[in-house]
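Q: Take a look and give me a structure for this.
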Amino acid sequence: MNTPNIRFKGFSDDWEQRTFGEFADYKKGPFGSALKKDLFVPRTYSTVKVYEQQNAINKDWTLERYYITDEYARKLSGFEVKGGDIIVSCAGTIGEIYELPKDAEPGIINQALMRVRVNEAVIDKNMFSILFTNMLENFTRVHSNGSAIKNIPPFSDLKPMQGLVPNMEEQCKISGFFSSLDNLITLHQRKCDSLTQVKKYMLQKMFPKQGEKVPEIRFAGFTGDWEQRKLGELAEFNPKSVLPDEFEYVDLESVVGTEIVAHRTETIETAPSRAQRLAKAGDVFYQTVRPYQRNNCLFEGADEDYVFSTGYAQMRPNGDSYFLLTLLQKDEFVNEVLDRCTGTSYPAINSNVLAGLKVRYPVNVDEQVKIGKYFANLDNLITLHQRKSDSLKEIKKFMLQNMFPRG
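A: Alright, predicted model coming up:
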């Protein structure tokens, strides 16, 4: 099959079979000990940058660790890289592709990289990157060197491989589409990462530090010290209840971050023995097994037919629920929990021990509510951008499968 399932309007010709040797010139980094660490020198005006695997993986040409002398770089003629070249990670995390911007510093590639110079008379650069990625995935699936670390094969193995390409006009339309999609994915992921950092910062500032009684940042109109109480005084732990005959079961894999991402229908007869915590709107569930994962959530469902595993401590707050959830996410609290965990492979904390931990909180419920709403909005924005990024990745995956021939 030489045509894709989905195509831009106006294109109908078959795609042509071309070898990868026609697409580009490839050069793997110097083999073995050519770039031993004892050859590296401090950066000066006469040194040459050594490009590493991390430059390709992180899509960042400015990352730098090693330099070699200009004299030694001349001995590695042929391994030069410059702006406009594509670098590909060749060992460990393989197949990460990055086009160096035009203003990137010239340098030498190390043994964990491949430099690619695309023949732009034959193929668009973005189109090449997509085809090359697919080719590498197929190749390494069949020809992996070693069980743990896979390596991109030498150019002699890549050169005769074939790929289907359309005419240049259609190539440019396809590459433009995927470039726009990648930009949107990057935009939402960066926004998500940025908001995550804002949350981390505000958790440090809007809660009192160790040994202090007031936070650095506070909503206007609130004064007075925060009080110290045991967690068990702020919420009822593991309230007793009678389970319904049929319910939605939430196990330890069903909560990711602060979201319930899955659940399954169970009955009293089929449910595992750990299904015991009947949720009520406003309950906070804290992961007591491997608490460093911070998969804790606030149950906001209207239906009282969700049952959580005993791997969670169930808390029914006396004050604002989201404030309590946020307090439990703080680094200082998580570290305190980990200090009291038992077990190594699956560290866990007993609910009674958890309830005995001391925390600081504002007695004024209005202040709790304001703090809770602030972090709820922040979490919603983080979730929104992460979902958008994930959704766009799924769209990209689908379009990659359908905008390229399968044959």
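
Q: give me every residue that touches the residue lying closest to E52 once chain neighbours are set aside.
A: Spatial nearest neighbour of E52, excluding adjacent residues (C-beta to C-beta, 6 or more residues apart in numbering): N110 at 5.4 Å. Placement of C-beta: from N, CA and C, glycine included. With contact set as C-beta atoms under 8 Å, 6 or more residues apart in numbering, N110 has these partners: G29, P30, L35, V50, Y51, E52, Q53, Y66.

Q: Wait, the fourth one touches Y66, no?
A: When you say that, I think you mean V50. Yes. Contact criterion C-beta atoms under 8 Å: V50 and Y66 qualify, at 4.1 Å.

Q: Would you quantify the distance from Q293 to I108?
A: Separation of Q293 from I108 (C-beta to C-beta, to the nearest Å): 41 Å.

Q: Would you mind telling me which of the two has the busier surroundings?
A: I108 (25 against 13; other C-beta atoms under 10 Å).

Q: quick one on the thing from earlier: can you tell me which of the contacts of N110 is nearest E304?
A: Q53 (52.2 Å; C-beta to C-beta).

Q: State the distance from that closest one to I395.
A: For Q53 relative to I395 (C-beta to C-beta), the value is 29 Å.

Q: Please apply the same query to F11.
A: To I395, F11 is 21 Å away according to C-beta to C-beta.

Q: burial count for F8?
A: F8 has 14 nearby residues by other C-beta under 10 Å.

Q: Just give the nearest non-adjacent residue to it, would you?
A: Per C-beta to C-beta, 6+ apart, closest to F8 is K173, 4.9 Å.

Q: SS state for that neighbour?
A: helix (DSSP: H, G, I helix; E, B strand; the rest coil).

Q: Please confirm that L203 is located within a helix.
A: Yes. Under three-state DSSP, L203 falls within a helix.

Q: Distance check, the nearest residue to it once chain neighbours are set aside against T44.
A: Of all residues not flanking L203 in the chain, K330 sits nearest, at 5.3 Å (C-beta to C-beta, 6+ apart). K330 is 45 Å from T44, where distance means C-beta to C-beta.

Q: And those two? Which one has more around it.
A: Using other C-beta under 10 Å as the criterion, K330 and T44 rank with K330 on top: 17 against 9.

Q: Looking at Q53 and I395, which has the bigger crowd around it?
A: Using other C-beta under 10 Å as the criterion, Q53 and I395 rank with Q53 on top: 22 against 13.

Q: Per-residue pLDDT of the more buried one, please?
A: Turning to Q53, the model gives it a pLDDT of 89.

Q: Would you agree it is in contact with G95?
A: No. Checked against C-beta under 8 Å, the pair Q53 and G95 is beyond contact range at 11.2 Å.

Q: Find residues that contact each of those two.
A: The contact lists of Q53 and G95 share S89, where a contact means C-beta under 8 Å, 6+ apart.

Q: Would you map the helices across this structure?
A: 20-23, 53-57, 70-75, 125-142, 155-158, 168-205, 231-234, 321-329, 331-339, 351-355, 365-402 (DSSP state H).

Q: Kindly present the ones you listed as a markdown table, with separate columns for distance to T267.
A: Rendered in a markdown table, the data for these read as follows (distance: least, C-beta to C-beta, whole Å):
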| stretch | distance to T267 |
| --- | --- |
| helix 20-23 | 57 |
| helix 53-57 | 48 |
| helix 70-75 | 71 |
| helix 125-142 | 42 |
| helix 155-158 | 56 |
| helix 168-205 | 38 |
| helix 231-234 | 32 |
| helix 321-329 | 29 |
| helix 331-339 | 33 |
| helix 351-355 | 26 |
| helix 365-402 | 31 |
